[in-house]
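[1] Below are the sequence and a predicted model for it; my questions follow.
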Amino acid sequence: MLSSLRHRLLFRTISVFAVLFLYPRIAGAQKLLTVNADFSSAWISPDWLQNTNGDISIDNIISGSYAGSFRPGKSPYMTFGTDQSPYWLHFIIRNTDSVSRSLVLRVNRKNIARFELWQKKPDGGSPVYLGKVGADRHNDIRYELTDGFQFPVMLPKGDNEFWAKTSNHIGSMYLNLGLYTPEDFGMVSRRNIILLGIFLGVMLVSFVFSLVLFIQYRDTMYVLYAIYILNILIRELYFYSVDFGLLSHLGHQCISSMIAATYGLFLRRFLRLWELAPKWDRLVRVYIGGITVCVVLIWLLESTGQKTLLQYLFAVVNVFFILFTLNALYLSLWYFRKSERARLALLAFMPLSLAFIAILLRNLAFIPSYPLIQHAVLVGFVLEVLVFTIGFSRWHRSVDLDRNLLQLQLVMEQQQKQLAIKEAEQQVKDQIARDLHDDVAASMSSIRILSQVAHAQVAQKAPEAAARLEQIIRNAQSTLESISDLIWAVKPNPDYLNDMADRMREYASKVLDAKDIDYQMDIPRNLPVRNLDIATRRNVYLIFKEAVNNAVKYSNCTRMEISLQISGETLTLSVLDNGKGFDMATTPKGNGLGNMEKRAGDISGVFRMHAGPGTGTEVSLSVPLGR
């Protein structure tokens, strides 16, 4: 599968280069360009002459007193490699229209050192100097937001002869010449502005997105990518003359090198080469160091005027870039199946790498200077940034999803541990309850029974002993009830609230029926299912028992009303009797009242008592269930 993928990619690469080489044959151009009434635009293919020593002037050209001869132009896509010699261009524009034509001659390159133009009109006069453009006119307002320079030319009827002198002292020498009507030239300019706007929009959004990712995830990979995008922006803004003096022509060449260096740093960090391929990682680091050295050398050689060495250095740098680009593609292909990041890098870098290789081959004069190359680089930059930006976004959504799933898994594991702890605690509680029931409760039951037997035997013979035995019986019965309450409190039940309500009804019925007290219980049998903790259900129940027992023992009541209600997250208990009551201001608090208040405080409840002489007593309790 991987082999077939490599074959497909190789086929596409060959196809792209085949189209590039065939394109000039399809487009066509000529040294003698004919302009008629229907003319709109055309490429110009001038003859050219290399001026190695730079000593040929326009007068030498007109008089023919120069060494060498003009070579016939075969293509409008002129490229001369890294040679820094001046070149003379010669072409003729024949106006066959009946009137003079006002047209625009466009130089389809911005980062060129110098381009001067002369025109000799059909009347046979001396050549007229039309002006100079180049690096020193880079920020001229007339050429902003364009990717080239332009000359307005007036073409009288007949043959108009043109000579141009061009040179580039930094980088490679290439250019294209085109002739347009003012209307067509306006369309080209508007197209360039639209392309620049789209490019700036995409790159700026991606730049900000990279910084946001860095702030969020603190990964230096995103800083490197933001610097890479910033270098691209500077390069292209220079190319479109909107840097307002930010860079010199030399600085532009160095920025192109820094683009390659920052991409190498980013790719190394993105692919995590030190883990994926340590040998390739060392090679990439050497490459980045080599680029830094080359940038320094370019500055030094240019400042000292070493043109020959600078020419060779540019050739070496271009070959170096080609090798690195091919290596980056090879790395992405080789680890295509092993690394998701390699697949994303291949998808993002493939279009740009092909365009980048085409630029480097053009700089070395291996292929002509097709305008398509520059547009392909622009599109390649945009596609690469879009793919990486979308990939980062989807990748981090996946990472965030994995992180959320991991957190959920950790929470579930924590809950399982807590459940295991609760189950262990419940097992201990169950064991204690069984021991209380089987041992302590059985012993207290035996004491009560034996005391009852002894009481029956000595009741008539020893009244004083009988009274003590009766007290033992009551204490044993009370202890048995307390043990029963404790066993009930720790016993697991899936519906603790209704279970507590059932126990309250059972206890109240047994006590009040025994004392022949009329009662009304408002305790619903369908209370909501709530998992009450031990402290809450035990303290609520014991407060209820204490309130009922106090009313039975001390109030002399004939009627009692008991209510248990759930309202939202609050449990409300009320015990009201019609007994004799008491004066709360003068009657001291006993142990029972203090215990009830203490138990209510232990469960964050609110305990209240209302009583008065002859008005009965009401005990109420409010307990939050969601604590």
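    Looks like it came in fine. Numbering: from 1, shown residues only.
[2] Do you have the strands of the stretch 301-450 of the chain handy? List them.
    Counting by DSSP state E, counting those that start in this stretch, the stretch 301-450 of the chain forms no strands at all.
[3] what about the stretch 201-350 of the chain, any weak spots by pLDDT?
    Applying pLDDT under 70 to the stretch 201-350 of the chain flags residues 238-253.
[4] which SS state does the nearest residue to Tyr507 once chain neighbours are set aside fall under?
    Excluding the flanking residues, the one nearest Tyr507 by C-beta to C-beta, 6 or more residues apart in numbering is Lys545, at 6.4 Å. Where you see a C-beta, it was placed from the backbone N, CA and C, and this is true even at glycine. Following DSSP: H, G, I helix; E, B strand; the rest coil, the label given to Lys545 is helix.
[5] now do the one 5 residues further on
    Three-state call for Asn550 (three-state DSSP): helix.
[6] residues in contact with it?
    Residues near Asn550 by C-beta atoms under 8 Å, 6 or more residues apart in numbering: Gly592, Thr617, Val619.
[7] Any figure for the gap between the residue nearest to Tyr507 and Ile562?
    For Lys545, the distance to Ile562 (C-beta to C-beta, to the nearest Å) stands at 11 Å.
[8] What of Lys580?
    19 Å.
[9] cool, Val202 as well?
    Applying C-beta to C-beta, the value for Val202 to Ile562 is 76 Å.
[10] Next, give phi and psi for Trp48.
    phi -140, psi 150 (degrees, to the nearest 10).
[11] Ok, Pro368 next?
    Dihedral angles (degrees, to the nearest 10) for Pro368: phi -70, psi 170.
[12] If you tally nearby residues, what's the number for it?
    20 (other C-beta atoms under 10 Å).
[13] now the closest residue to it other than its chain neighbours: how far from His90?
    Leaving aside its chain neighbours, Pro368 sits nearest to Tyr77 (3.4 Å; criterion: C-beta to C-beta, 6+ apart). Relative to His90, Tyr77 is positioned 17 Å away (C-beta to C-beta).
[14] cool, Phe185 as well?
    Distance from Phe185 to His90, by C-beta to C-beta: 23 Å.
[15] More neighbours: which of the two?
    Taking neighbours as other C-beta under 10 Å, Phe185 and His90 compare with Phe185 leading, 20 against 16.
[16] quick one, what contacts that one?
    So Phe185 contacts Val104, Arg106, Gln150 (C-beta under 8 Å, 6+ apart).
[17] Looking at neighbours, which among the residues you listed is most surrounded?
    Arg106 leads the contacts of Phe185 on contacts (other C-beta under 10 Å) with 24 neighbours.
[18] roughly how far out does the strand or helix carrying that residue sit from the chain middle?
    Per DSSP states H and E, Arg106 falls inside strand 101-107. Put simply, strand 101-107 sits 49 Å off its chain's centre (C-alpha atoms, centre = their mean, to the nearest Å).
[19] and if you look at stretch 161-179?
    On C-alpha atoms, centre = their mean, the centre of stretch 161-179 falls 46 Å from the chain's centre.
[20] And Phe149, its phi and psi?
    According to degrees, to the nearest 10, the main-chain angles of Phe149 amount to phi -120, psi 160.
[21] Apart from its neighbours in sequence, what residue is nearest it?
    Phe149's closest residue in space is Val133 (C-beta to C-beta, 6+ apart), at 3.9 Å.
[22] dump the residue contacts of the one you found.
    Val107, Arg114, Phe115, Asp140, Tyr143, Phe149, Phe151.
[23] So which of those is the closest to Val377?
    Val107 (18.7 Å; C-beta to C-beta).
[24] and the residue lying closest to that closest one once chain neighbours are set aside, what is it in contact with?
    Leaving aside its sequence neighbours, Val107 sits nearest to Phe149 (C-beta to C-beta, 6+ apart; 4.4 Å). Neighbouring residues of Phe149 by C-beta under 8 Å, 6+ apart: Arg106, Val107, Arg109, Lys110, Phe115, Val133, Gly134, Arg137, Tyr143.
[25] cool, Tyr222 as well?
    Ser210, Leu211, Leu213, Phe214, Phe392.
[26] hmm, back to that, what's the spacing between the residue nearest to Val107 and Arg109?
    8 Å.
[27] Arg599: which element?
    Applying DSSP H and E as the criterion places Arg599 in helix 591-602.
[28] helices and strands around that helix, which ones?
    Contacts defined by 3 or more C-beta pairs under 8 Å, 6 or more residues apart in numbering; DSSP states H and E place helix 591-602 against helix 534-554, strand 606-612, strand 616-624.
[29] closest one to Ile288 among the ones you listed?
    strand 616-624 (65.0 Å).
[30] Enumerate the positions of that closest one that are buried.
    Burial within strand 616-624, assessed by neighbour count using 16 or more other C-beta atoms under 10 Å, is assigned to Gly616, Thr617, Glu618, Val619, Ser620, Leu621, Ser622, Val623.
[31] before we move on, what about stretch 120-131?
    Lys120, Lys121, Pro127, Leu130.
[32] Can you tell me which of these end up in strands?
    Members of these lying in strands (criterion: DSSP state E): Lys120, Leu130.
[33] mind putting the buried residues of stretch 120-131 in JSON lines, distance to Arg94 and pLDDT included?
    Listed next are the buried residues of stretch 120-131 as JSON lines, based on distance: C-beta to C-beta, whole Å; pLDDT from 0 to 100:
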{"residue": "Lys120", "distance to Arg94": "13", "pLDDT": "94"}
{"residue": "Lys121", "distance to Arg94": "12", "pLDDT": "93"}
{"residue": "Pro127", "distance to Arg94": "17", "pLDDT": "93"}
{"residue": "Leu130", "distance to Arg94": "18", "pLDDT": "95"}
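[34] And the buried residues of stretch 120-131, which is closest to Gly264?
    Taking C-beta to C-beta as the measure, Leu130 is the one of those closest to Gly264, at 43.9 Å.
[35] how about the helices of the stretch 101-250 of the chain, start to end?
    182-217, 220-239, 249-271 (DSSP state H, counting those that start in this stretch).
[36] re earlier: hmm, which of the contacts of Phe149 is lowest in pLDDT?
    Looking at these by pLDDT, the weakest one is Arg137, with 68.
[37] show me where pLDDT drops low in the stretch 451-600 of the chain?
    Those would be 451-469, 473-478, 480-496, if you go by pLDDT under 70 across the stretch 451-600 of the chain.
[38] For it, which segments count as strands?
    Under DSSP E, counting those that start in this stretch, the stretch 451-600 of the chain gives strands at 518-522, 559-567, 570-577.
[39] Listing partners with orientation, what would you give for the shortest one?
    By that I understand strand 518-522. With DSSP bridges as the test, strand 518-522 is paired with strand 559-567 (parallel).
[40] And the strand it pairs with, what's buried?
    Met560, Glu561, Ile562, Leu564.
[41] And for stretch 219-226?
    Residues of stretch 219-226 classed as buried by neighbour count (16+ other C-beta under 10 Å): Met221, Tyr222, Val223, Leu224, Tyr225, Ala226.
[42] how about CSV for the residues you listed, with distance to Thr479 added?
    Converted to CSV, those look like this (distance: C-beta to C-beta, whole Å):
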residue, distance to Thr479
Met221, 73
Tyr222, 73
Val223, 75
Leu224, 78
Tyr225, 78
Ala226, 78
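[43] what residues are up against Gly67?
    In this structure residue 67 is Ala, not Gly. Here Ala67 is in contact with no residue (C-beta under 8 Å, 6+ apart).
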